[in-house]
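**Student:** Let me see the structure of the following:
(chains A and B)
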2 protein chains.
Amino acid sequence: MSTLKIGICGWGNVATGLYKIAKNNIESIKKQGNLDIEIVVIGARRDNPNCKPENVIIERDIFNVVNHDIDVMVELIGGVDVAKDLILKALKKKKHVVTANKAVIYNHGDEIFACAKENGVKVLFESSVCAGTPIIKLLTEELSANKISKISGMLNGTSNFILSNMEDGAEFQSTLELAQKEGYAEPDPSFDIEGMDAAHKIGILSSLALGTSLPPDDFYVQGITNIKKIDFKYADEMGYTIKHLAVAEQNSKEVVLRAHPVLIAKDSYLANLKSVRNGIEVETDLLGTLHLAGSGAGQESTASGIISDLVHLANSSEEHLKAASNEKVILSEFLNLTFQYYFYIEAEDIPGVMASITSVFADKSVGLETIVQKENLDENFVPIVIITDPFKEQDHSNLIENLEKLDSIKSVRTIRIEQD
Amino acid sequence: MSTLKIGICGWGNVATGLYKIAKNNIESIKKQGNLDIEIVVIGARRDNPNCKPENVIIERDIFNVVNHDIDVMVELIGGVDVAKDLILKALKKKKHVVTANKAVIYNHGDEIFACAKENGVKVLFESSVCAGTPIIKLLTEELSANKISKISGMLNGTSNFILSNMEDGAEFQSTLELAQKEGYAEPDPSFDIEGMDAAHKIGILSSLALGTSLPPDDFYVQGITNIKKIDFKYADEMGYTIKHLAVAEQNSKEVVLRAHPVLIAKDSYLANLKSVRNGIEVETDLLGTLHLAGSGAGQESTASGIISDLVHLANSSEEHLKAASNEKVILSEFLNLTFQYYFYIEAEDIPGVMASITSVFADKSVGLETIVQKENLDENFVPIVIITDPFKEQDHSNLIENLEKLDSIKSVRTIRIEQD
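**Tutor:** Down below sits the predicted model:
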């Protein structure tokens, strides 16, 4: 059995969770993971009333942690700049690094991977994407005979919780407040509901599976704040529900990276992942379509992912992460993509309004698959729901502008439709 | 990068698929898996018109394969007894073994694992359960910090294909014929539809995750041949669908192993896995509930799993499979388990029949949650659907017998209800 001496930087919720689980589950870890974990040093600016470590050196200067006799530094301080400096210092000291910090990997991954390679050590970050749900190991280890062509994921628990509740009839604002009350959303939820958290995660997965750079240089990101309860009703009538999807896809020689809300067929796998669950769908040449889903957050789940990284360090003979490829992968421009669209238009209930709306689409040569005029909202305005034929993303904002120019139009809202 | 010299025993569909993919995808395997594969020798009793290997020694006596300069023997001959002898011979010659053969692992796993340990080599068998879908690696590698309490799986593609079609209104017999026509079912489908295939798979997973022996000494197995189209209609009305489920569950100090049809809530994850897909749900202490689903069969998928085993052999430093534990795990007797039941009873449409049926349940002190008398089948017989309260499995056959003794009863059919 191997023993790893580790130093932990950061002493918050995740770090204390790791400490407790590494103590409490050590017999399982030894038996199943062939690993004994010795926590040598903890870098903590202050004590944590929730956990008092025993027989461990406490360093108040986290940059001193790597000066101790350790094999691995576990970075759990969060943030970007200090975390990056800390990780690079550890790698240069020939220490392996395990981190749960998606922001630092997303923003400085390539630099960090290169530094690790140069120094003959490893950086593992299973918990940075969907906590301990082993999505990264699945992509990097178990599918190594496969060419991966697409990864679609519901990667943000807060967004999925809100959309699942809206599907069941709740309003956005009240659901967000519920999510905050239940601890599924941060006091400032913008990172989650504006799509950045999901974007970070798919960016990391894309780097591993499709070789894109970190940070990526082109990426379309949109959150869920624009979705209304009524959209679920109309989507449902047409066989769809609404999800926030993050996608990395190989299109001939280019890779598309995008994270935004979509209409998605109700009977699809991802449509049926409810509440705070995270999940991915991976398309491969040999295994066909694979699904993996689990809890995407939480102290215990994150600790589980960190320990799986430690087990991996202890039991694998050589670096074989796919990251830091030498070939430069080209990212597609989002404006060149083609989607079908859901348009929700509120228009004055007057003669000729439908003709003026449809002529806006006709002017751009955009065909319409379905047009449904719904029951009036009040005596003045009527909602019109349109499903378009596929058209280029670059015409999208133009179409909205042209519709909004019409005197008879009160508002326009669109959601892309995800193809099966 | 490591190079593995391999010998392949067997030269059928899976073996030729492996040969082709190891050639065609070698660049991905090198890059992603850090592995070069050199196929040194193939043991084949006869040539295969579908594939003519180049620069490879052909051995007509498969038992001679291990006498060549190889690191790994890949056993793809199928069957039980000869395969076991072949595997044991390779292990004693200090060759690692990779196999896709679930029957030999199920029936002789413990003996094989012990022999491998004694000789300091490894046996890997990812493809024996759901082909290349990396269920075994998930359980043995990625969850090593977790205590696994339950695995539920839909592990047989043929059964799932038939039940999914019956859910959509088809009859058992015509769907079985369709499955045979499409290649999803064997000409003799009994191994699949009688539940043994799923039982083998859950037996193997249970051995890895819960430490039960191979072969297991107590196991309840029932197939899907008794399910009728009408059962789906009544199940649906009560919020269920019908699936064939294989379950390994830790109950205090004992483990339950069972594979049989169940009524399962329509909105559950496993209820939504359709057609030939395979999938598992794993309950863990740290990660909560995990789902993994993929294609469970096919030449390419199986080859992918074999290659992931080879990558694992090349890149891991030491044996840390969970199999072959020294502690003896006790299997629960199925008769001691408790289930709610769906009863479908065809009874004569005469006064007093309901009273005599309900008194059979009352005599055994079995409560009834729901009783529904459905529209008459013909002028003489009426179907009665009953959902019971939970009762002990040991009263089950007794209850059926007592019902069948009633003159007014034409037939009785039962399906267990799976709790969430």
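
**Student:** can you give me the helices in the stretch 51-200 of chain A?
**Tutor:** Applying DSSP state H, counting those that start in this stretch to the stretch 51-200 of chain A gives helices spanning A:81-92, A:102-118, A:135-137, A:157-167, A:172-181, A:190-193, A:196-210.

**Student:** Not counting its own residues, what contacts the first one?
**Tutor:** The contact list for helix A:81-92, computed with C-beta atoms under 8 Å, 6 or more residues apart in numbering or on different chains, reads A:9, A:62-63, A:65-66, A:73, A:75, A:77, A:97, A:99, A:101, A:103-104, A:107-108, A:111-112, A:115-116, A:119, A:121, A:123. From N, CA and C alone the C-beta is placed, and that goes for glycine too.

**Student:** ok, A:G195 - contacts?
**Tutor:** A:156, A:159, A:221-224, A:244, A:246, A:259-260 are the contacts of A:G195 under C-beta under 8 Å, 6+ apart.

**Student:** Of those, which belong to strands?
**Tutor:** Within the contacts of A:G195, residues falling in strands by DSSP state E are A:221, A:244, A:246, A:259-260.

**Student:** nearest to chain B, of the residues you listed?
**Tutor:** The closest of those to chain B turns out to be A:A246 (C-beta to the nearest C-beta; 18.2 Å).

**Student:** From A:Y220, how far off is that closest one?
**Tutor:** 10 Å (C-beta to C-beta, to the nearest Å).

**Student:** hey, what's in contact with both of the two?
**Tutor:** What both A:A246 and A:Y220 touch, as defined by C-beta under 8 Å, 6+ apart, is the set A:258-259.

**Student:** More neighbours: which of these two?
**Tutor:** A:A246 (28 against 19; other C-beta atoms under 10 Å in any protein chain shown).

**Student:** hmm, back to that, which pair in the ones in strands among the contacts of A:G195 spans the largest distance?
**Tutor:** Comparing every pair within these by C-beta to C-beta identifies A:V221 and A:H244 as the most remote, at 10.5 Å.

**Student:** Compare those two (neighbour count), which wins?
**Tutor:** Neighbour totals were compared for A:V221 and A:H244, and A:H244 leads with 26 against 18 (other C-beta under 10 Å).

**Student:** Please name the residues that touch that one.
**Tutor:** Contacts of A:H244 (C-beta under 8 Å, 6+ apart): A:154, A:156, A:159-160, A:163, A:195, A:198, A:223-224, A:259-262.

**Student:** beta partners for it?
**Tutor:** In this entry, A:H244 is beta-bridged to A:P261, by DSSP bridges.

**Student:** how near is it to B:K93?
**Tutor:** 55 Å.

**Student:** and what of A:S365?
**Tutor:** 70 Å.

**Student:** Neighbour count for those two, which is higher?
**Tutor:** Neighbour count, other C-beta under 10 Å: between A:S365 and B:K93, B:K93 has more, with 13 against 9.

**Student:** burial measure for the closest residue to the more buried one other than its chain neighbours, as a count.
**Tutor:** Nearest residue to B:K93 in three dimensions, chain neighbours excluded: B:V66, at 4.8 Å (C-beta to C-beta, 6 or more residues apart in numbering or on different chains). Close neighbours of B:V66, defined as other C-beta under 10 Å, add up to 23.

**Student:** same deal with the one 5 residues further on?
**Tutor:** Using other C-beta under 10 Å, B:D71 is surrounded by 19 other residues.

**Student:** Show the contacting residues for A:T302.
**Tutor:** A:14, A:17-18, A:100, A:127, A:131-132.

**Student:** Next one, pLDDT for it please.
**Tutor:** Model confidence at A:T302, given as pLDDT, is 93.

**Student:** and it, which of the three is it?
**Tutor:** At A:T302 the chain is in helix, as set by DSSP: H, G, I helix; E, B strand; the rest coil.

**Student:** The one 10 residues further on too?
**Tutor:** In the three-state summary, A:H312 is assigned as helix, counting by three-state DSSP.

**Student:** which bits of the stretch 251-400 of chain A sit near chain B?
**Tutor:** A:269, A:272, A:279, A:284-295, A:298, A:300-301, A:303-304, A:307-308, A:311-312, A:314-320, A:322, A:325 (C-beta under 8 Å from any C-beta of the partner chain).

**Student:** ok, 7 Å please
**Tutor:** Residues of the stretch 251-400 of chain A found near chain B (C-beta under 7 Å from any C-beta of the partner chain) are A:272, A:286-288, A:290-295, A:300-301, A:303-304, A:307-308, A:311, A:315-318, A:320, A:322.

**Student:** so the residue sitting furthest away from the middle of chain A, which of the three states?
**Tutor:** Here chain A reaches farthest from its C-alpha mean at A:P351, the gap being 45.8 Å by C-alpha atoms, centre = their mean. Secondary structure for A:P351, judged by three-state DSSP, is coil.

**Student:** could you dump the ones in strands among the contacts of A:G195 to JSON lines with pLDDT?
**Tutor:** Converted to JSON lines, those look like this (pLDDT from 0 to 100):
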{"residue": "A:V221", "pLDDT": "95"}
{"residue": "A:H244", "pLDDT": "97"}
{"residue": "A:A246", "pLDDT": "97"}
{"residue": "A:A259", "pLDDT": "96"}
{"residue": "A:H260", "pLDDT": "96"}
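
**Student:** Tell me the one of these nearest B:T212?
**Tutor:** Nearest to B:T212 among the ones in strands among the contacts of A:G195, counting by C-beta to C-beta, is A:A246 at 39.0 Å.

**Student:** burial count for A:K30?
**Tutor:** The number of residues packed near A:K30 is 16, by other C-beta under 10 Å.

**Student:** quick one: the nearest residue in space to it that is not next to it in sequence from chain B, how far?
**Tutor:** Residue nearest to A:K30 in three dimensions, not counting chain neighbours: A:D36, with 5.8 Å by C-beta to C-beta, 6+ apart. Distance check for A:D36 against chain B: by C-beta to the nearest C-beta, to the nearest Å, it reads 12 Å.

**Student:** can you check A:T414 too?
**Tutor:** Distance, A:T414 to chain B, by C-beta to the nearest C-beta: 29 Å.

**Student:** Confirm that that residue sits in a strand.
**Tutor:** Yes: judged by three-state DSSP, A:T414 forms part of a strand.

**Student:** Just read off the phi/psi values of the residue farthest from the centre of chain A.
**Tutor:** phi -60, psi 140 (degrees, to the nearest 10).

**Student:** how near is it to A:D285?
**Tutor:** 56 Å.

**Student:** next one: A:E27
**Tutor:** Separation of A:E27 from A:D285 (C-beta to C-beta) stands at 41 Å.

**Student:** Look at these two and report which has more neighbours.
**Tutor:** When neighbours are counted by other C-beta under 10 Å, A:E27 and A:D285 differ, and A:D285 comes out ahead with 17 against 9.
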